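**Q** Compute the structure for the input listed below.
(chains A, B and C)
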Amino acid sequence: EVRQFKLARAKEIRNTCPYCSVGCGLLMYSLGDGAKNAKAEIVHIEGDPDHPVSRGSLCPKGAGLLDFVHSPNRLKYPEVREAGSSEWKRISWHEAVERIARHMKGDRDANIVVKNDQGVTVNRWVSTAMLTASASSNETGILTQKFMRSLGIVGTDAQARVCHGPTVSALAATFGRGAMTNTWVDISNADFILVMGGNPAEAHPVGFKWAIEAKKKGARIVVVDPRFNRSAAVADEYVPIRAGSDIVFLGGIINWLIANDKIQWEYVKAFTNASYIVDEGFGFEDGLFSGFDPAKGQYDKKSWNYAFDEAGNARTDPTLQHPRCVWNLMKAHYARYTPDVVADLTGSPKDGFLTVCRYLGETSARDRVGTILYALGWTQHTVGAQNIRTMAMIQLLLGNIGMPGGGVNALRGHSNIQGLSDLGLLSTSLPGYLTLPNEKAHPTFADYVARTTPKAQQPGQLNFWSNTPKFFVSLLKWFWGDAATRDNDWGYDWLPKWDKMYDVLQVMDLMHNGKVNGLIVQGFNPLTSFPDARKTAACFSKLKYMVVIDPIATETASFWRNHGEINDVDTAGIKTEVFRLPSTCFAEEDGAIVNSARWLQWHYKGANPPGEAKTDQEIIAELFLALRALYQTEGGKAPEPVLNLSWPYKNPHEPTPEELAKELNGRALADIPDPKDPTKFLSRKGEQLPGFALLQDDGSTMSACWIFAGCWTQAGNQMARRDNSDSGLGNTPGWAWAWPANRRIIYNRASCDPAGKPWDPKRALIAWNGERWAGADVPDFKIDAAPSSGMNPFIMNPEGVGRLFATDKLVDGPFPEHYEPMESPLGTNPLHPKVITSPAVRIFPADKARLGTHDQFPYVGTTYRLTEHFQFWTKSVALNAIAQPEQFVEIGETLAVEKGIRTGDTVKVSSKRGFIKAKAVVTKRVKALKVNGKTVHQIGIPLHWGWETVARKGYLSNTLPPAVGDCNTQTPEYKAFLVNVEKIVGA
Amino acid sequence: MTVPSLDIQRRSASPTASPEARNPAEIAQLIDVSVCIGCKACQVACSEWNELRADVGTCVGVYDNPTDLSSQAWTVMRFAEVEENGKLEWLIRKDGCMHCADPGCLKACPSPGAIVQHKNGIVDYNQENCIGCGYCVSGCPFNVPRLSPTDGKAYKCNMCSDRVAVGLEPACVKTCPTGAIQFGSKEDMKEVAATRIADLQSRGYTNAGLYDPPGVGGTHTMYVLHHADKPEQYSGLPNDPSISMAVGLWKGALKPFATVGLAAAGLFGFFHYITVGPNRADDESHEDAREEDRS
Amino acid sequence: MKEKLPQEKLIRRYSAAERINHWVVAVCFVLLAISGLAFFYPAFFWLTGVFGTPELARIVHPFVGVVMFVAFARQFFRYWHHNLLNREDVKWMVAVKEVMKGNEVGDIGRYNGGQKAMFWVMVLCMAALLGSGIIAWRPYFAASFPIPVIRIALLVHATSAVVLIASIIVHVYAALWVQGTIRAMVEGVVTHAWAKKHHPRWYRETTGKKA
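**A** A predicted model of the protein is given here:
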């Protein structure tokens, strides 16, 4: 007499979870069996057991997706909030599109900069900015890129800017690519797992499955974090640390590894730049690297490079004896980071620190491998990129890069933020990690090609970026189709050129100064996501128009609504016209998203969206067509990029995901002959290309994103493949498709010794079989380059090796150095008291005035996510609101006693920039730390609350952190800032 | 009422035995507390599958939400911060029905078929037959069943008997990100537990063990505990639970005594009457009798 | 309201109010016993059908219990002073075997030792049933008590109910056996002979006659 099984004949649809970057497989069940007369409605969602990563699991967010699809906060109709109004008004799609297009054209015509002072065509439209989604499909993303750049928008970012920007710059500067090196499943091959700068058990629970699997096989897990979090709950050891002192800890590890000779010597000598000799001009003194210009607050990076010989090759000393070789400079640099200094500056107990050193040191053996799982705990600092760099260096010293079970595993936040980074939805980027032209460096096409195509720095290196012209021309052919010809440099001048990075902090500062009139927000909630929320709201109030495209109600769209202390704004005084356009969510569209391990996974639509909601592609297309019609009929400024834009879609009003995915892959625009046999062709005109190797720089191919070439070939949609068989060590090459070229573990050539034999026979991923490289994974190497060829494993780097010394790739130094957070609880930097915070930081005067000091705000605040919630989405999801209903902060017992706070009390947490009120969770899990002779208390601030909510209404946690970012990428410093806390009496 | 399945071991308040010929495999759910990250995916998946939505509560100063089991929350995570000898542990336990081999709730239930124990070990409530007396609440040694404030009927985890019946695993098991909840035959689960316990012991948890309390005949939800010697550290998991003596007497010894007592009272009267006959007070004779008596 | 005595020589034993009170208790008891036994004995569960549905039986049972208790409480205050034990009652109890044979023992007042014992057993059972019943009463009160207390309450409730039912069986039988007794609780009167035989002292006290 059990309940009837409710899914017996329901229709089953495959999809991918839209929350984090683990990319778990979903089975969605819809009402009815798909018959024409049945209206599909999603009635149940559970995990896909075939999925190689999730294997049927879903975390509390994924498990609650049904209530996201059916959230009462889903948007159903286009609406407008007129200037000064306190209400939404329903309007038709037609009216919405017409009014928005009119706003955009007016602003573009008035403010686009066609030529700069030097007469260079720049086509730059700064006064309208666009924020793009983090969970939308690649197909939405690429269409957005096309739309945006054709208009000249440069003030644009995706969530990558506020999350993993530093990962891209740090890892690319070290290994050549800015992505997670290994895969989720591969984590289970590790002997040791360091969790630091991240909390995967809470932020990536299903990915963390594979850390637990490793543990079940005997691996040790250590968590280093300011809080004893849910990752620590299942770790072998937990080591507390002061937020913002990671480089001390990691630098201390480098020092310890060197001092205790725990180095994979063969690897270091062959595969890193340890032996490279550094230019005479390079130096480091009193906290400053050579070349600092105090007036500009910037480094001149000229001296941060190798010494080159006449042939342009970097000089090396394989014996490592040369005093200026990277090895010796590095050794000297980190000699200061002794265990005592580490304990004193980080607050970590010395024995805990040494435990981490010992565990990591063990992995220097050939048959021992360790990995690191990190996320925003490292990126969201002024030294974000350098935090990650330090760990990347450690992994090179231990020989753990390229190894199964090794790597630097950047756990991306949003479900497709990897893909949208790949698609270049960042202010200075283009798809495939090509750079958007800069007005100074790349005034002409020839300059661009010359400056962005590197030359090999060692003989015989693959130097893959030497193919840049092929990728770039194919991209321009995608943008402007037949209009892009050799004669007009493939339409090069139609792309906007940047003069400075228009990252979100820059755009907000411009907005603050009244220089931005319009903001288009697609699947983003900047009011909640950007630092210094009160300033953000004030900035939005200065806009003439705002367009929000989202499936759910966001605080951004209703920033003008007064919610008392929570959002104390003068509604009538805000003259911004706000359009709110309902879009579909994951369950209602086809497309591909890219998980953290670079897998492009295709998903399918399960039901129609609620009300009049439309797909992003349709919305973008409608806006574009309306704008183009205006330029056609009325003319206007710089119309060519818009009028010439290639828009070859069968239904121009609704480009399909299939059409766009095929464009991402690219196709031949002419027959491509086989250079080895002119009678044969590698690809015929109109065919989908098999991979990026066929891209041409003569206009005979097009591809919207060269690294995705191979995702939709003549053989069909590779992203929809579902063969989950294991080719070895948990590799599933037949499942979906991974960039680049379906490689799953990148730099995997380095898993073999210089002679081509696996370092560890038990971890044989690929090997040289005498003729070619072959094995369980696609070799990340020239397939037929013999070990004796001298070609080195890091094929994206012109020197072919991993960089311990980052040369001039980062703006704040070739070696990571500890600088205090902009708001330091110490007020000094004991390593170099004259240079307390990062000298290369970019901070605007308005934001500098909003920094607090430790005498007023004595405690370290750090923000983070809880496992029950995903950013600011799931507060609209009943199941998640039930699991974690109300805003709280975490306070250690010692501080609570000092402040008379009991668990469950309401407290006020304030910074220089504002305050929040929340319940107090008084816990043993946050300990007071002894740092530089004083006691430092840390306060944990989960970030999921707001007023568009099914959960309890709460304050925007980002009211508290300062608007200052990582030196390289401007990712805001959310993880370490100063606050005060007090009990609210009578609450 | 639906037709009782042949796969029922026991029905509440049903004095006659269920069909016994068929013996499906005994299943069990194994909760490995040592790899549980307290993410609450199991809670959410349970509510989603079973179509339950508890009220949006408040933060009471701990991570526990919903703060307790209810008719709308059949499983909840309970968090305990335990610090011993300077080592802090965050012991997180998924609380819910243990599916006892000897279920106290079933023993206490007065309504035939409101509680059934399937042969595979699942203890399931059939609200159709539930009368809302709450005896199951008192009968349970683990404090699991809860009455609904709206319909008055008792609810608890049924180990997704509808899924198990068609060969699927329970929703919580399937969703668990770290494999802290596993599902299979009870025998297999014991073997899995043994390997986990060996691993924990090798990591210094010398008291690691399996929680399968014999006092209730074993359970079909079992825990791997790193501190099996102190189950109460895990938010009050009972050490050596069994059906309470009061419930045992009430549903056990009292019945035969009552039967004998009530029957004796009735039968005594009957036989007394037919042997001694009625006690009449005839006016005259009585008068006489009184006279005689007084002498 | 004056009752009209019939022709025979009769003595009023119970007023109309007393008789109503008694029968309220009695009807409540029957309902409670039916539902209670249904909950206690699975084999008697069908008895809940008397109430429409099992669930209704469960809902109604405690309310009827409260009515019974209140009605019984009224009786308690009416009769408690008649039920104080004295030496004659002890004599009666010791010689109960003789009593069973139909012979009278001792100079019995309004109630004999058996009736008094029955009275106090009922008082105890009623108190125990009410107290334990409230503790176990869902959904109103049980949630306020710890589960171990509820368990004991359930045991006490069932035990005292069994004792009470058994006692009531004896009570009813005694009324049937001692003929003329039912009339006391139906019509409110007994014959002189009845009174003289079973309750001689009460007879003397009420009639003023020396029997």
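**Q** give me every residue that touches residue 162.
**A** No chain specified, so I'll use chain A. A:380, A:504, A:529-530, A:971-972 (Cβ atoms under 8 Å, 6 or more residues apart in numbering or on different chains). Bear in mind the C-beta positions are built from the backbone N, C-alpha and C, glycine included.
**Q** Wait, chain C was what I had in mind.
**A** Residue C:162 touches B:254, B:257-258, B:261-262, C:40, counting by Cβ under 8 Å, 6+ apart.
**Q** Now flag whichever of these is closest to chain A.
**A** residue C:40 (24.5 Å; Cβ to the nearest Cβ).
**Q** which residues sit in contact with the nearest residue to that closest one once chain neighbours are set aside?
**A** With Cβ to Cβ, 6 or more residues apart in numbering or on different chains as the criterion, residue C:40 has its nearest non-adjacent residue at 6.0 Å, and that residue is residue C:158. Residue C:158 makes contact with B:250, B:254, B:258, C:40 under the criterion Cβ under 8 Å, 6+ apart.
**Q** now do 10 Å
**A** Residue C:158 makes contact with B:249-251, B:254-255, B:258, C:36, C:39-40, C:129, C:132, C:136 under the criterion Cβ atoms under 10 Å, 6 or more residues apart in numbering or on different chains.
**Q** buried sites along the longest helix along chain B?
**A** In chain B, with assignment by DSSP state H, the single longest helix is helix B:254-276. Within helix B:254-276, the residues scored as buried using 16 or more other Cβ atoms under 10 Å in any protein chain shown are B:254-255, B:258, B:261-262, B:265-266, B:269, B:272.
**Q** Can you lay out the residues you listed as JSON lines showing pLDDT and distance to chain C?
**A** Output for those, formatted as JSON lines (pLDDT from 0 to 100; distance: Cβ to the nearest Cβ, whole Å):
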{"residue": "B:254", "pLDDT": "96", "distance to chain C": "6"}
{"residue": "B:255", "pLDDT": "95", "distance to chain C": "7"}
{"residue": "B:258", "pLDDT": "96", "distance to chain C": "4"}
{"residue": "B:261", "pLDDT": "96", "distance to chain C": "5"}
{"residue": "B:262", "pLDDT": "96", "distance to chain C": "5"}
{"residue": "B:265", "pLDDT": "95", "distance to chain C": "4"}
{"residue": "B:266", "pLDDT": "95", "distance to chain C": "5"}
{"residue": "B:269", "pLDDT": "93", "distance to chain C": "3"}
{"residue": "B:272", "pLDDT": "95", "distance to chain C": "7"}
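**Q** of the residues you listed, closest to residue B:10?
**A** Within the buried residues of helix B:254-276, proximity to residue B:10 (Cβ to Cβ) peaks at residue B:255, which comes in at 16.6 Å.
**Q** quick one: the residue nearest to residue A:892 when sequence neighbours are not counted from chain C, how far?
**A** Closest residue to residue A:892 apart from its sequence neighbours, by Cβ to Cβ, 6+ apart: residue A:926 at 3.9 Å. Using Cβ to the nearest Cβ, to the nearest Å, residue A:926 is found at 34 Å from chain C.
**Q** Name the next helix or strand following whatever helix or strand residue C:27 lives in along the chain.
**A** In the assignment (DSSP states H and E), residue C:27 maps to helix C:16-40. Where DSSP H and E defines the elements, the next helix or strand beyond helix C:16-40 is helix C:54-79.
**Q** Name the residues of the helix or strand following that following helix that are buried.
**A** Remark: after helix C:54-79, the chain's next helix or strand is helix C:87-94, criterion DSSP H and E. Buried positions in helix C:87-94, judged by neighbour count with 16+ other Cβ under 10 Å: C:88-89, C:92-93.
**Q** Redo those residues as a markdown table? Include distance to chain B and pLDDT.
**A** Putting these into a markdown table (distance: Cβ to the nearest Cβ, whole Å; pLDDT from 0 to 100) gives the following:
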| residue | distance to chain B | pLDDT |
| --- | --- | --- |
| C:88 | 14 | 88 |
| C:89 | 18 | 91 |
| C:92 | 14 | 92 |
| C:93 | 17 | 92 |
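**Q** which residues of the stretch 251-400 of chain A fall in strands?
**A** A:284-285, A:288-289, A:292-293, A:298-299, A:370-374 (DSSP state E, counting those that start in this stretch).
**Q** Distance to residue C:44 and mean neighbour count for these - can I get that in JSON lines?
**A** Shown next, in JSON lines, are those (distance: least, Cβ to Cβ, whole Å; neighbours: other Cβ atoms under 10 Å in any protein chain shown):
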{"stretch": "strand A:284-285", "distance to residue C:44": "92", "mean neighbour count": "13"}
{"stretch": "strand A:288-289", "distance to residue C:44": "91", "mean neighbour count": "19"}
{"stretch": "strand A:292-293", "distance to residue C:44": "94", "mean neighbour count": "14"}
{"stretch": "strand A:298-299", "distance to residue C:44": "91", "mean neighbour count": "20"}
{"stretch": "strand A:370-374", "distance to residue C:44": "63", "mean neighbour count": "27"}
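**Q** Which stretch among those strands approaches residue A:120 most closely?
**A** Closest among the strands of the stretch 251-400 of chain A, once you apply Cβ to Cβ, is strand A:298-299, at 22.7 Å.
**Q** Given the closest one, what are its sheet partners and their directions?
**A** strand A:292-293 (antiparallel) (DSSP bridges).
**Q** Give me the contact list for the strand it pairs with.
**A** A:285, A:298-300, A:813, A:835, A:839-840.
**Q** What I need now is these written out in a markdown table, including pLDDT and distance to residue A:697 for each item.
**A** Listed next are these as a markdown table, based on pLDDT from 0 to 100; distance: Cβ to Cβ, whole Å:
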| residue | pLDDT | distance to residue A:697 |
| --- | --- | --- |
| A:285 | 96 | 45 |
| A:298 | 96 | 34 |
| A:299 | 98 | 34 |
| A:300 | 97 | 33 |
| A:813 | 97 | 35 |
| A:835 | 97 | 45 |
| A:839 | 97 | 40 |
| A:840 | 96 | 35 |
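**Q** Tell me how many other residues surround residue 244.
**A** Looking at chain A here, since you left the chain open. Residue A:244 has 29 neighbouring residues, counting by other Cβ atoms under 10 Å in any protein chain shown.
**Q** that's the wrong chain, I meant chain B
**A** Neighbours of residue B:244 using other Cβ under 10 Å come to 22.
**Q** ok, now residue A:483?
**A** Neighbours of residue A:483 (other Cβ under 10 Å): 18.
**Q** Which residues are in contact with the closest residue in space to it that isn't next to it in sequence?
**A** Counting by Cβ to Cβ, 6+ apart, residue A:644 is the residue found nearest to residue A:483 once chain neighbours are left out, at 4.0 Å. When contacts are counted by Cβ under 10 Å, 6+ apart, residue A:644 touches A:150, A:479-484, A:488, A:491, A:494.
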